[in-house]
Structure formats: C-alpha cells, structure tokens
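# Below are the sequence and a predicted model; questions follow.
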Amino acid sequence: MPRQKNATNRRHFLKVSTLAATSLGLPTIVPASALGLDGHTAPSNRLTVGCIGTGGKGRHNAGEFIKLPDCQVIAICDVDANHMQTAKTKIDKAYDNTDCSTHADFRELANHDGLDVICVSTPDHWHALASIAALDGGKDVYCEKPLANSVKEGRAICQAAARNDRILQTGSHERSGDGRRMACELVRNGRIGELRSIRINLPTTDTHHMQVKSWTEPQPDMPVPEYLDWDRWLGHTPLVPYTDKRCHFWWRFVLAYGGGEMTDRGAHVIDLAQLAAGRDDTTPVEYLAKGSPNASGLFDAYMDYVFVNIYDDGLKMIGSTQGPRGVKFEGDEGWIFIHVHAQKVEASDPRILESKIGKNGIHLGRSPGHHRNFIDCVKSRQDPVATGEIGHRTGTICHLNNIAMKLGRPIRWDPVNEVIINDSEANTLLGPQMRDPWHL
C-alpha cells in the first residue's frame, strides 16, 4: 500500500501570497520562479527541509539538498551556536535571502508544521532520539550512517518509521555509486563464481587515527565554551566534564557517542558487503572479534582489530584494520575489490568488470545520487536505496563486533528476534542506559 504524502504549508504558498498581495491593495505579480517557469521549481512544489546537526557532515548534507531544485532548506538546529551560524550563512547565501530559521532544540523542527523532511547529522548518540521525534512528527527522515549508536536504538528508529508510514533513508551514500552498484551486481550474478568469502578492510592509519593513538594521557577538564550547550550535547549519555577532545569530530572514538572506525567507515564498507551478498534482510549469526582500545581512557573505541562474522549458510566475512579501505568479494572463479572513498573497482580479471548482465539477470538499478534518491522517494512513496531496515542491519553487524571485542568472547546472534543467544551480559549491551529526561 503506498505511503501517505505529507500535507504541509508549502502547498499553500501561491494562495497565501496572492491573498496577502490583494489585501494590501498590491497588484498580483508573481515571478516566473514562483510559477515554476524558466526552469525553476515553484515554491509550492518544493519539499521543505530542516537539518538537525550543522557540523561538518551536517553542512555537507545541507549543501546536497541545496543543490536540488525541488527542495529548500528552511530551518536548522544545533547545540553549537557557532556551527549553526556558519550553516545559516551558507544556506542564506545559497538562496539569496535570510529566511533560514535557527533552533537550539531539535523538537522544534520535529514539530514544525512547515517542514516535509528532516536530515539528522548529529553525533551518533543523538541519531535515534532526533530521528524518532522527527518521524513521530510526521516528517520523512534522512539519517546519517550509522543509523544508530546501538542495536536497540536502530530498531526503535525503524519502528517509528513503520508506525508513521514515513520514508527513512540511511546516509550510506556509497550504496548509491554507479561503480559500486555495478560491482555488487556482478557478484550477485556469479561473475566471480560462487561467493566463498568477503574481506573487509578498515585501515586506521589516517592522520586522525594516528592522532587518537598518540593521545595516551588523560584529557584535561575544560570550561564549557559559551557557544555550546554541553548538557544537551551529551543528551542521554552520562553527565561528564567538558573537554574538547570528547566533543566535535573526536566523539566518534568514544563508545558512548560513536563506535570508532567500525561504525564510521565500517557502516559504508559492510553495507556494500551486505548488498553484494544479497543479505540486506539479515545479518551474520556468529561474531568473533578481538581488538585493542586506545590507552588514554577517554578514547575507548577499538583502534586495531580483527573479526570473523559467519552467516547462517557458512559464508564468512573476515575483517581487519589492514589494507586499502574497501571490500573484497572472493569467489571460486575470481574476485572483485571495491575501494571505498576512492572511486575505484578492481577484479582478478579485467574482463569481469566488462561483463554485461542479461535481461533475466539480477539488476540492482542505479541511483541518481543518495540525496536525490531520497527526495524522489519522498515524492513517490517508494523505498529508497538505503532504507532504515537496511541501515539497521548494517549497523547491527558493526555494533555486534564491538560487543564481541568488549566482552572478549564470541557471540551468537538471532537476527529474527534480535537477541544474543544464551548470554544475558551481552544482551545488556544492545542498548544504552539513558539519562533522564531522555528515553526511547
């Protein structure tokens, strides 16, 4: 059954504008852009976008929506006033106006009657609460990857999307790349023979990884900057003193807020593994993982690790923090390697990549771009390329590997009931203990 479309104020733009002009005794002159002429999309046909989180990724996502002529960013939210002002300046400049409103509380956007779509680009620990509020507020949601910072939070987001009949796109944008979809198609159609194993490479040798590894001393407590609402930044996590290395960007290496490289780039690389293996509706059932966190005490995410995940049919996904970033599919007749963030695909035989898929083969289709695909699906009410369910399962794999590393023992997973089998301690790690007043 098709999803219901959002009824919003934007659809009344021309009517309201005309009435306002008439009431003031002004001539009713509507510019071509307002009528959708000269290649413009009329405001009455544009989807309105609100952005929660305006840091680096938030500004990037806002920029992607700005590029689309049939939507307009009209509201933003952040607990960092500096980030928010920088984003507002960028957005206002793009639209040549000063209309973009600013908000310190994400719930104002979730309940905003004039918004169709909300983009969530907060640190990971805020993904669930912000997305659920937006979905419950009747908004379609584009949520950055990983979908959530825990298994239970990811499931709660998906439940919110289902009960509100909303479109939910996970920001796993690698899935929208033509070359990646082509490579996954080749694997699905047996061009490397039967798929025997998958290798995940998540190197932690970038400059920022090496910086984290070098910070072995405890980080000092600092005064909270005037422009930052620290209590709200922490949200449902424990109330702790401010230090700059706990906050912007570096939060991803603190498990209360992110999952380290496993959920950062892993959410891209493992997502492609799921797509090529045809496992978007499930996950591996066995998790063996060993890793070491940083020695500082603040950065407790695992920086160097190995893992083996086994699907119920015996297919193995083997990962480590070695090698070029990407995913290798090993078959009994060859291999394909997708370089993630490098726009490159390799194969054991170049002819594999030139192979054509017949009309009766498995076709994954192509995406016009991740943000474009999302907006198209908001209009059509069809599923996007990275639904919440897809993002949730990819995230689940990442979280379970982190749990196995934390416990120092293998775990077995029931992907239907989403519980760790015969391990009560491990099950307590599937979701966070939330600080009042926040809860799922």
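Everything's here; your move.
# Please report how far residue 417 lies from residue 285.
As judged by CB to CB, to the nearest Å, residue 417 and residue 285 stand 12 Å apart. Any C-beta I mention is one placed from the backbone N, CA and C, and that applies to glycine too.
# the more surrounded of those two?
Counted by other CB atoms under 10 Å, residue 417 and residue 285 do not tie: residue 285 has more neighbours, with 17 against 7.
# Can you verify residue 141 is assigned to a helix?
No. Secondary structure of residue 141 (DSSP: H, G, I helix; E, B strand; the rest coil): strand, not part of a helix.
# partner residues bridging it?
residue 118, residue 168 (DSSP bridges).
# Contact partners for it?
117-120, 131, 134-135, 161, 166-169 (CB atoms under 8 Å, 6 or more residues apart in numbering).
# Likewise for residue 162?
Residues counted as contacts of residue 162 (CB under 8 Å, 6+ apart): none.
# in the strand or helix carrying it, what counts as buried?
Element membership for residue 162 (DSSP states H and E) is helix 151-163. Of the residues in helix 151-163, 151-158, 160-161 count as buried by neighbour count, 16 or more other CB atoms under 10 Å.
# Dump the residues you listed into a markdown table; add distance to residue 100 and pLDDT as well.
Output for those, formatted as a markdown table (distance: CB to CB, whole Å; pLDDT from 0 to 100):
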| residue | distance to residue 100 | pLDDT |
| --- | --- | --- |
| 151 | 35 | 99 |
| 152 | 34 | 99 |
| 153 | 29 | 99 |
| 154 | 30 | 99 |
| 155 | 33 | 99 |
| 156 | 30 | 99 |
| 157 | 26 | 99 |
| 158 | 30 | 99 |
| 160 | 26 | 99 |
| 161 | 26 | 99 |
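# Closest one to residue 394 out of those, please.
For the buried residues of helix 151-163, the minimum distance to residue 394 (CB to CB) is 9.3 Å, reached by residue 154.
# The closest one against residue 147, yeah?
Yes. Counting by CB atoms under 8 Å, residue 147 is a contact partner of residue 154 at 4.9 Å.
# hang on, the earlier thing: want to throw the buried residues of helix 151-163 into JSON lines with distance to residue 103?
As requested, the buried residues of helix 151-163 are exported to JSON lines (distance: CB to CB, whole Å):
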{"residue": "151", "distance to residue 103": "30"}
{"residue": "152", "distance to residue 103": "27"}
{"residue": "153", "distance to residue 103": "23"}
{"residue": "154", "distance to residue 103": "25"}
{"residue": "155", "distance to residue 103": "28"}
{"residue": "156", "distance to residue 103": "23"}
{"residue": "157", "distance to residue 103": "21"}
{"residue": "158", "distance to residue 103": "26"}
{"residue": "160", "distance to residue 103": "21"}
{"residue": "161", "distance to residue 103": "23"}
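# just the residues you listed now: which is nearest residue 229?
residue 153 (21.6 Å).
# What is the burial count for residue 317?
By other CB under 10 Å, the residues close to residue 317 number 24.
# correction: residue 243
15.
# What distance do you get for it to residue 221?
Counting by CB to CB, the gap from residue 243 to residue 221 is 6 Å.
# Over to residue 430?
On the measure of CB to CB, residue 430 and residue 221 end up 31 Å apart.
# Show me this structure divided up by domain.
Using automatic domain parsing, the domains assigned to the chain come out as 9-174, 177-363+388-430.
# Now the weakest link among those, please, by mean pLDDT.
The minimum mean pLDDT among these belongs to domain 9-174 (a mean of 87).
# quick one: that domain to chain centroid distance?
Chain-centre distance of domain 9-174: 16 Å, with CA atoms, centre = their mean, to the nearest Å.
# Which of the helices or strands spans residue 63?
Per DSSP H and E: helix 56-66 holds residue 63.
# likewise residue 373?
Using DSSP H and E, the element containing residue 373 is helix 370-380.
# In that helix, which residues are buried?
Across helix 370-380, burial judged by 16+ other CB under 10 Å covers 370-379.
# ok, and what's touching that helix?
Residues outside helix 370-380 that contact it (CB under 8 Å, 6+ apart) are 6, 47, 61, 64-65, 67-68, 70-71, 116-117, 140, 142, 167, 169, 171-173, 175-176, 367-368, 382-386.
# Run the chain-centre distance for it.
In terms of CA atoms, centre = their mean, the centre of helix 370-380 is found 15 Å from the chain centre.
# Rounded mean pLDDT for that helix, please.
98.
# That helix vs helix 56-66, what angle?
Counting by axes from the mean of the first three to the mean of the last three CA atoms, to 10 degrees, helix 370-380 lies at 60 degrees to helix 56-66.
# what's the single longest helix in the chain?
The single longest helix within the chain, with elements called by DSSP state H, is helix 388-407.
# hey, C-alpha coordinates of whichever helix or strand comes after that one in CSV?
Next along the chain after helix 388-407, taking DSSP H and E as the criterion, comes strand 411-414. C-alpha atoms of strand 411-414 as CSV (Å, rounded to 0.1, in the frame of the first residue of the first chain):
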residue,chain,number,x,y,z
ILE,A,411,28.7,-14.3,20.5
ARG,A,412,25.8,-15.9,18.6
TRP,A,413,23.1,-13.8,17.2
ASP,A,414,19.4,-14.4,16.4
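# Parallel or antiparallel, which strands does strand 411-414 pair with?
Strand pairing for strand 411-414, determined by DSSP bridges: strand 286-293 (antiparallel), strand 419-420 (antiparallel).
# circling back to that earlier point, so can I have CSV of the domains of the chain showing distance to residue 439?
Formatted as CSV, the domains of the chain follow (distance: least, CB to CB, whole Å):
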stretch, distance to residue 439
domain 9-174, 9
domain 177-363+388-430, 8
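# who wins for proximity to residue 440 among those domains?
Nearest to residue 440 among the domains of the chain is domain 9-174 (4.7 Å), distances taken as CB to CB.
# in the stretch 201-350 of the chain, which spans are helices?
Applying DSSP state H, counting those that start in this stretch to the stretch 201-350 of the chain gives helices spanning 207-214, 230-234, 261-264, 266-277, 350-354.
# Kindly reformat those helices as JSON lines and extend each row with mean neighbour count and distance to residue 109.
Listed next are the helices of the stretch 201-350 of the chain as JSON lines, based on neighbours: other CB atoms under 10 Å; distance: least, CB to CB, whole Å:
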{"stretch": "helix 207-214", "mean neighbour count": "14", "distance to residue 109": "30"}
{"stretch": "helix 230-234", "mean neighbour count": "17", "distance to residue 109": "14"}
{"stretch": "helix 261-264", "mean neighbour count": "26", "distance to residue 109": "25"}
{"stretch": "helix 266-277", "mean neighbour count": "25", "distance to residue 109": "24"}
{"stretch": "helix 350-354", "mean neighbour count": "13", "distance to residue 109": "44"}
